[in-house]
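In: Any chance you could fold what I've pasted below:
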Amino acid sequence: MLQFIIRRTVGAVVTLFLIGAATFFLFVAAPSDYASLACGKDCSAARLEEIREVLGLNLPIAQQFWDFMSGIVMGRDFPTGHCPAPCLGQSFYSGDLVWSTIKDRFPLTLSLTVGAALVFLIVGLGTGMLAAFRRGSSVDKVATGASMVLSSFQIYFLGPIALAIFVYSTGWMEDPKYVPITEDPIGWLVGLSIPMVVMATIFTAQYTRMSRSSLIEQLAEDHVRTARAKGMSQKYVFFRYAWRGSLIPIVTILGIDLSSLLGGAVVTELTFSLQGIGRLAVDGAVNKDLPLTMGVMLVGAFMILLLNILVDIAYAWIDPRVRLS
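Out: Numbers count the residues shown, from 1 in each chain. Below you'll find the predicted structure:
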């Protein structure tokens with residue numbers, strides 16, 4: 001198992017390096033004038049040359065690339081001061097360190113992602129298991145039909161409806177807001193409950209259908225039928241033999257869906273006016289703030305790779321054959 005984790009980690013490090021190199025050459029070494037974007041409108045020639053000097057754009061491309069990549073690991077010195085590792089540069093728009101800005105916004109996006117994932121895993125898998133266990137019953141038909149309907153909705157459609165019903169019309173809840181979980185766990189849960197549920201709705205419908213079909217397939221396997229023939233109870237066979245086998249395809253798709261949740265945070269944060277990584281990415285693109293955009297891309301790539309490693313470990317735990325491949 002340890003060798004499997006090491007192989008996956010080394011592969012992720014190499015992938016992250018390639019993503020960092022691609023990001024650098026896409027933005028910094030592209031034909032567009034990187035210094036002009038930093039200088040903004042009404043930029044004089046003297047100011048433009050000063051910015052080129054500050055950003056090191058007068059250096060060879062190889063030296064610029066080394067400064068960029070080594071700054072992520074060891075930090076980097078700017079005329080305005082030292083940028084500690086991981087140094088992702090300084091924002092053109094605000095002048096703040098990119099990593100500090102991302103670090104301040106990241107807990108909100110992480111809360112949305114983890115909260116939504118817990119919702120759709122608990123509700124989706126639970127509903128799918130119940131539907132498979134009661135296959136052909138009214139419970140199965142209602143769960144299947146509801147999942148078909150909910151899977152057609154989108155965040156930008158459900159979000160305003162949820163706000164109109166639960167916030168503006170009934171007043172049952174306040175506008176979504178972020179409160180650090182370390183300060184007020186109840187306030188954290190209440191403030192983000194609507195965005196979490198809205199983000200999880202589509203995935204809940206998907207995992208309901210997926211877990212139902214996977215469990216039904218497992219219940220038809222030979223080893224499950226053999227267990228029944230030995231006189232074991234239906235519930236014991238269901239949870240002891242069928243349930244674990246049904247998790248393999250679910251875990252496989254979970255890594256992709258967690259990455260999709262990070263992307264869905266952009267729409268969710270814009271819909272509910274929340275200041276997270278998604279909103280930060282949009283602001284960076286609108287303001288043509290390249291260091292901020294590059295930093296968000298790298299952090300997003302790192303999170304996706306980390307999630308994939310964790311999913312691979314879970315997959316290997318469920319199916320030992322994966323560790324041998």
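In: Enumerate every residue touching the residue positioned nearest the centre of the chain.
Out: The chain has L262 as the residue nearest its centroid, 2.7 Å off, counting by Cα atoms, centre = their mean. By Cβ atoms under 8 Å, 6 or more residues apart in numbering, the residues touching L262 are 109, 113, 277, 300, 303-304. Quick note: C-beta positions are derived from backbone N, CA and C, even for glycine.
In: So which of those residues is surrounded by the most neighbours?
Out: In terms of neighbour count, T109 stands highest of these at 28 neighbours, by other Cβ atoms under 10 Å.
In: buried sites along stretch 117-137?
Out: Residues 117, 119-121, 123-125, 127-133 are the ones in stretch 117-137 that count as buried (16 or more other Cβ atoms under 10 Å).
In: any chance of those residues in a markdown table, plus distance to P180 and pLDDT?
Out: Listed next are these as a markdown table, based on distance: Cβ to Cβ, whole Å; pLDDT from 0 to 100:
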| residue | distance to P180 | pLDDT |
| --- | --- | --- |
| A117 | 19 | 91 |
| V119 | 20 | 92 |
| F120 | 24 | 91 |
| L121 | 24 | 90 |
| V123 | 26 | 92 |
| G124 | 28 | 90 |
| L125 | 29 | 89 |
| T127 | 32 | 90 |
| G128 | 34 | 88 |
| M129 | 34 | 86 |
| L130 | 35 | 86 |
| A131 | 38 | 88 |
| A132 | 39 | 84 |
| F133 | 40 | 81 |
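In: hmm, back to that, so which of the contacts of L262 sit within strands?
Out: Residues of those located in strands (DSSP state E): none.
In: Among those, which lie within helices?
Out: Of the contacts of L262, the ones assigned to helices by DSSP state H are 109, 113, 277, 300, 303-304.
In: what ranges do the strands span in the stretch 51-200 of the chain?
Out: With DSSP state E, counting those that start in this stretch as the criterion, the stretch 51-200 of the chain has strands at 76-78, 81-83.
In: I'd like those as JSON lines, with mean pLDDT appended.
Out: Shown next, in JSON lines, are the strands of the stretch 51-200 of the chain (pLDDT from 0 to 100):
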{"stretch": "strand 76-78", "mean pLDDT": "81"}
{"stretch": "strand 81-83", "mean pLDDT": "83"}
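In: Show me the contact partners of stretch 269-285.
Out: With Cβ under 8 Å, 6+ apart as the test, stretch 269-285 has contacts from 93, 101-102, 105-106, 108-109, 112, 155-156, 159-160, 163, 175-178, 194-195, 198, 262, 265-268, 289-290, 292-293, 296, 299-300.
In: Just the buried subset of these, written out for PyMOL, thanks.
Out: Here is the PyMOL command that picks out the buried ones among the contacts of stretch 269-285, judged by 16+ other Cβ under 10 Å:
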select buried, resi 93+101+102+105+106+108+109+112+155+159+163+176+177+178+194+195+198+262+265+266+267+268+289+290+292+293+296+299+300
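In: show me where pLDDT drops low in the stretch 1-150 of the chain?
Out: Along the stretch 1-150 of the chain, segments meeting pLDDT under 70 span 1, 29-34, 37-38, 40.
In: Try it again at 80.
Out: 1-5, 26-59, 78-81, 92-95 (pLDDT under 80).
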